[in-house]
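Trainee: Got a predicted structure here, sequence first:
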Amino acid sequence: MDSVEPSGLQPGEGAPGCPQKGLLQPSDSSELVQECLQRFKVTRTQLQHIQASLLDSMEQALTGKASSAPGVQMLPTYVDSTPHGNEQGNFVVLELGASGASLRVLWVTLTGIKGQRVEPKSQEFVIPQEVVLGTGQQLFDFAARCLFEFLDAHSVRNQGLQLGFSFSFPCHQTGLDRSTLISWTKGFRCSGVEGQDVVQLLRDAIQRQGAYNIDVVAVVNDTVGTMMSCEPGVRPCEVGLIVDTGTNACYMEEARHVAVLDEDRGRTCVSVEWGSFSDDGALGPVLTTFDHALDHASLNPGAQRFEKMIGGLYLGELVRLVLAHLAEHRVLFGGYTSSALLSQGSILLEHVAEMEDPSTGAARVHAILQDLGLSPEASDAELVQRVCAAVCSRAAQLCAAALAAILSRLQRSREQQILQVAVATGGRVLEQHPRFYSILQETVKLLASECDVSFIPSVDGGGRGVAMVTAVAARLAAHRRLLEETLAPFRLSREQLAAVQTQMREAMAKGLRREASSLRMLPTYVRATPDGSERGDFLALDLGGTNFRVLLVRVAEGGVRIVNQVYAIPECVAQGSGQQLFDHIVDCIMDFQEKQGLRGQSLPLGFTFSFPCKQLGLDQGILLNWTKGFNASGCEGQDVVYLLREAIKRKQAVELNVVAIVNDTVGTMMSCGYEDPRCEMGLIVGTGTNACYMEELQNVAGVAGDSGHMCINMEWGAFGDDGSLGMLSTCFDVRVDQVSINPGKQRFEKMISGMYLGEIVRHILLHLTSLGVLFQGQQTQRLQTRDIFKTKFLSEIESDSLALRQVRAILEDLGLPLTSDDALIVLEVCQAVSRRAAQLCGAGVAAVVEKIRENRGLEELTVSVGVDGTLYKVHPHFASLVAATVRELAPRCMVTFLQSEDGSGKGAALVTAVACRLAQMAHV
Ligand code: G6P
Ligand code: BGC
Ligand code: BGC
């Protein structure tokens, strides 16, 4: 290795230092030539050092904890798979920044059939220097004009054109079509672009030019386009390498290693941006005075130091600096220079490539030099050729060291003994410079001997690859549109919510007057909230939420103490016969009494019964209809207190004194009212939803008395059962309703409460799957299962602290294996559904508090609402969305939401206690 020629790797460390111009006193010219060429020699040890240092820099950048030293950037590209070969369609590709100051437009047709290729049409445009160094707007306007010129020339029909933008500068991508330029490289310096989304800039320019309707679907680095242009072959093509004006590579990294992505599965393409690598320890010894001089005079001094030793933009310049140096020291051109030789940028990559080629004759070299205004002597051609070879060999070797670092990285992360991989290559230096290519390959073989690498030149200069990515991005964008269309009916405007509030107000008024209304506005015979003087021990039952509970409530001077036990109500009981249900309830009470040592005591009992009941007094409630999955026969139309007393009689073993029957909203209001006298409304958002509030008795038709208040159980779950919510109801709401046990009933509840939100989400997911937006269009059996998607999943999935991978874990537990894209969609569906629920609920609360305010003739009302229910309490955003909606729709009401901690059983006991106190007073 140490004597490989012509690259001429030398043994030992470091090239000799670079003496300052003028201090150099060579004994003769050949010594000076030797010394000068020697500076471009890089030893194997140095290359290995660069390889190791670059690998280290890559790994640090992947963890997101890179040190402050400028290293490689490791930028995610949002390309997650190499081509499948089935991508198809016509795409416009715009390439900017790959090949110097030029721009290319291509029309690429993907057939979707492996191996079947259609030649792309393409056209190249030279970007004027004043544009390269002008404003961003000038540059993007120029690009848009070229684009239109191309489309005009090729008579492309102006119909839904999809464009892939190959933009070859370091960018922070946050999606396939979102990419912020970090910094210009390679001689570009347009103002106002760094820090901006280049896709947006291009879109704006296209719009300014007007003529064509083009959708910029994807933005791609040239390395990625190159990798993606590789035909699927025997070995995976997982690296893209570019050596053109600049240099860079991308490769497929394990997604779990890319810290910024928060992804734990699959692979993702990372653009290394190795041009910015500049570890002093590793590069310092190989940097020459010529490199420093070049950097100094560049547009971006101090930046892209590695690129400036490799990229085609710089090779000619390095050669020029060396030739000028040798001429100044009379070793070349008889000591004469020319103004061209002393001018930056006069020697181009093409010149170097040609002169360096051993087959190029001396005459041609002479001709090139003469074009530079020089008068070469006979021996000069050979020396100039050696200079070109030295500069290019070093570039190829450094590039090989960097590529070897990627291969080591791949091998390490794949844990393979022998890594078999294909590297797609592109860029003029590689395409037009056979020597560069062969030195690169030889050196890679030496530095990464454990890898079996094949090099595959890219097809169509990467344009095809850009089209591939565009095809994928277009599919994703189409999916997004379908998702947006699907979720649009769930996104309610302020006007729609205000209309719900108004309708609710009207329905309340009608219900109170006993006119036809979907709101029953049931009097509860609760006339006052507790005053604190209530005392005693009470029993309470709490039936109708997630849990059935029996409670012992002690109301004493120091406060309320509760002992309670939860009992299950099996579905067969909830939906069996009424007798079974009430017998089961009494069994549970007996068990509780036994455990609490209460047998034989006849304590006053409050019964929280969370279903619509027409009350004729405090201890009489006719069940109007079951809700929330209960359907025990023989109960509707019956007094539930009577049914309970009958069951007690059947058991004969207990004596119970049922004093009050209370809806859970009322229990919650009472329970919170014990702590806060301003609590005049109760709200439940749990399995079902409902609200109650204190109404002026004079407004309540059918109850005697004109003064004072009465708590009204609104039964707002049934709001809209007269069809008034039809405008808001989506096809998913209709499906959920149709398969429920009470079709057409509880329409408001079915849009809001915990029993139904999971089902709505499930129906949306089924629909999105049928559109191919989710699960790659594969319907899974699990998702067809009713109630599989519990509302608690919405709460879990929407939790802010949860990473996307955890969302996926939740869904995988459900038997729904999905990708990160799928998980993101599921999250958005959950958010849309729960947001609508919270906003509808807020519109309802706004209607109620406004009614209370107006009843009292107040400019402003300060009121508290007691709230309970699993959805409200557990969901991470529900409560704040309700509050925000109320603020928006009822700005004159200062509403405080109090969460009930003890359930409504405590409230039922308090209602019972108040009743007992009043009865005692009446007795006295
Ligand atoms: C309250 C009650 C339950 C009520 C429930 C609603 O605290 O004690 O009887 O129905 O909350 O919540 P859930 O989520 O259980 O339906
Ligand atoms: C840019 C890269 C690009 C490379 C090759 C570099 O200057 O920073 O994004 O891939 O040139 O064109
Ligand atoms: C019932 C209400 C109850 C609400 C909350 C609804 O289904 O009809 O009476 O308050 O659920 O539990």
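Mentor: Perfect, I can see it now. These numbers come from a predicted model, not from an experiment. Ligands and ions are numbered 1, 2, ... in the order given.

Trainee: Please tell me how far Pro83 sits from Val365.
Mentor: Relative to Val365, Pro83 is positioned 43 Å away (C-beta to C-beta, to the nearest Å). From N, CA and C alone the C-beta is placed, and that goes for glycine too.

Trainee: Repeat that for Ser57.
Mentor: From Ser57 over to Val365 the distance is 39 Å, taken as C-beta to C-beta.

Trainee: Could you list the low-pLDDT ranges of the stretch 501-650 of the chain?
Mentor: Across the stretch 501-650 of the chain, nothing is flagged by pLDDT under 70.

Trainee: quick one: the residue in the stretch 151-300 of the chain that ligand 1 sits nearest to from Leu326, how far?
Mentor: Closest approach of the stretch 151-300 of the chain to ligand 1 (C-beta to the nearest ligand atom) occurs at Asp262, with a separation of 32.0 Å. Counting by C-beta to C-beta, the separation of Asp262 from Leu326 is 55 Å.

Trainee: Ser518 now?
Mentor: Applying C-beta to C-beta, the value for Ser518 to Leu326 is 95 Å.

Trainee: same check, this time on Asn699
Mentor: 104 Å.

Trainee: Settle it for me: which of these two has more neighbours?
Mentor: Neighbours per residue, other C-beta atoms under 10 Å: of Asn699 and Leu326, the larger number sits with Leu326, 23 against 18.

Trainee: and the stretch 251-400 of the chain, which of its residues are near ligand 2?
Mentor: The stretch 251-400 of the chain comes close to ligand 2 at residues Glu273, Gly275, Glu307, as judged by C-beta under 6 Å from any ligand atom.

Trainee: looking at it, the first one is touching Pro170, isn't it?
Mentor: Right, the one you point to is Glu273. Yes - counting by C-beta atoms under 8 Å, Glu273 does reach Pro170; the two are 4.8 Å apart.

Trainee: Looking at these two, which one has more neighbours?
Mentor: Comparing Glu273 with Pro170 by other C-beta under 10 Å, the one with more neighbours is Glu273, at 28 against 21.

Trainee: contacting residues around that one?
Mentor: By C-beta atoms under 8 Å, 6 or more residues apart in numbering, the contact set of Glu273 is Val72, Gln73, Met74, Leu75, Pro170, Asn248.

Trainee: sec struct for Arg412, please.
Mentor: Put simply, Arg412 is helix when judged by DSSP: H, G, I helix; E, B strand; the rest coil.

Trainee: same deal with Gly164?
Mentor: Put simply, Gly164 is strand when judged by three-state DSSP.

Trainee: Roughly how far does it sit from ligand 2?
Mentor: Noted for Gly164: a distance of 15 Å to ligand 2, by C-beta to the nearest ligand atom, to the nearest Å.

Trainee: Nearest to ligand 2 within the stretch 101-250 of the chain, name that residue for me.
Mentor: Closest contact between the stretch 101-250 of the chain and ligand 2, by C-beta to the nearest ligand atom, is at Gly246 (2.6 Å).

Trainee: picking that back up, tell me which of the contacts of Glu273 is nearest to Ala843?
Mentor: Checking those against Ala843 with C-beta to C-beta, the nearest one is Leu75 at 45.4 Å.

Trainee: Look up phi and psi at that closest one.
Mentor: Backbone torsions for Leu75, taken as degrees, to the nearest 10, come to phi -90, psi 130.

Trainee: go on, the one 3 residues further on?
Mentor: With angles defined as degrees, to the nearest 10, Tyr78 shows backbone torsions of phi 60, psi 20.

Trainee: ok, how many other residues are close to it?
Mentor: Neighbour count of Tyr78, defined by other C-beta under 10 Å: 23.

Trainee: So it sits against Gln173, correct?
Mentor: Yes - with contact defined as C-beta under 8 Å, Tyr78 reaches Gln173; the gap is 5.6 Å.

Trainee: which helices and strands sit right next to the helix or strand in which Met755 is found?
Mentor: Assigned by DSSP states H and E, Met755 belongs to helix 754-770. Contact partners of helix 754-770 among helices and strands, from 3 or more C-beta pairs under 8 Å, 6 or more residues apart in numbering; DSSP states H and E: helix 463-487, helix 731-738, helix 749-752, helix 791-797, helix 820-855, helix 870-874.

Trainee: Out of those, which one sits most buried?
Mentor: Highest mean neighbour count among the helices and strands packed on helix 754-770 (mean count of other C-beta atoms under 10 Å): helix 749-752, with a mean of 27.

Trainee: residues making contact with it?
Mentor: 627-628, 685, 688-690, 716-718, 725, 728-729, 733, 736-737, 740, 755-756, 760, 836-837, 840-841.

Trainee: show me which of these neighbour ligand 2.
Mentor: Near ligand 2, taking C-beta under 6 Å from any ligand atom as the test, no member of these is found.

Trainee: hang on, the earlier thing: and the residue of the stretch 101-250 of the chain closest to ligand 2, how far from Glu317?
Mentor: To Glu317, Gly246 is 13 Å away according to C-beta to C-beta.

Trainee: Alpha carbons of the helix or strand bottoming out on mean pLDDT in the chain, as PDB, please.
Mentor: Least confident element among the helices and strands of the chain, by mean pLDDT, DSSP states H and E: helix 804-813 (a mean of 80). Taking Å, rounded to 0.1, in the frame of the first residue of the first chain, the C-alpha atoms of helix 804-813 are listed here in PDB:
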ATOM      1  CA  LEU A 804     -44.700   8.400  18.600                       C
ATOM      2  CA  ARG A 805     -43.000   5.100  19.200                       C
ATOM      3  CA  GLN A 806     -45.100   4.700  22.400                       C
ATOM      4  CA  VAL A 807     -48.200   5.500  20.500                       C
ATOM      5  CA  ARG A 808     -47.300   2.700  18.200                       C
ATOM      6  CA  ALA A 809     -46.700   0.400  21.200                       C
ATOM      7  CA  ILE A 810     -50.200   1.100  22.400                       C
ATOM      8  CA  LEU A 811     -51.700   0.300  19.100                       C
ATOM      9  CA  GLU A 812     -49.500  -2.800  18.600                       C
ATOM     10  CA  ASP A 813     -50.800  -4.100  21.900                       C
END
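
Trainee: Up against ligand 1, what does the stretch 401-550 of the chain have?
Mentor: In this structure, the stretch 401-550 of the chain approaches ligand 1 at residues Asp542, Gly544, Gly545, Thr546, judged by C-beta under 6 Å from any ligand atom.

Trainee: What about the third one, how many residues nearby?
Mentor: What it means is Gly545. 22.

Trainee: Helix, strand, or coil at Gly373?
Mentor: Following three-state DSSP, the label given to Gly373 is coil.

Trainee: can I see the domain layout of the chain?
Mentor: Segmentation of the chain into domains, based on the TED database, reads 27-69+277-457, 76-230+461-480.

Trainee: Mean pLDDT added to the helices and strands packed on helix 754-770, as a markdown table?
Mentor: Below are the helices and strands packed on helix 754-770 laid out as a markdown table (pLDDT from 0 to 100):
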| stretch | mean pLDDT |
| --- | --- |
| helix 463-487 | 90 |
| helix 731-738 | 97 |
| helix 749-752 | 98 |
| helix 791-797 | 89 |
| helix 820-855 | 95 |
| helix 870-874 | 96 |
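
Trainee: To ligand 3, which of these lies closest?
Mentor: Of all the helices and strands packed on helix 754-770, it is helix 749-752 that lies closest to ligand 3, at 5.5 Å by C-beta to the nearest ligand atom.

Trainee: ok, the closest one near ligand 1 or not?
Mentor: No - using C-beta under 6 Å from any ligand atom, helix 749-752 stays clear of ligand 1, with a minimum separation of 11.1 Å.
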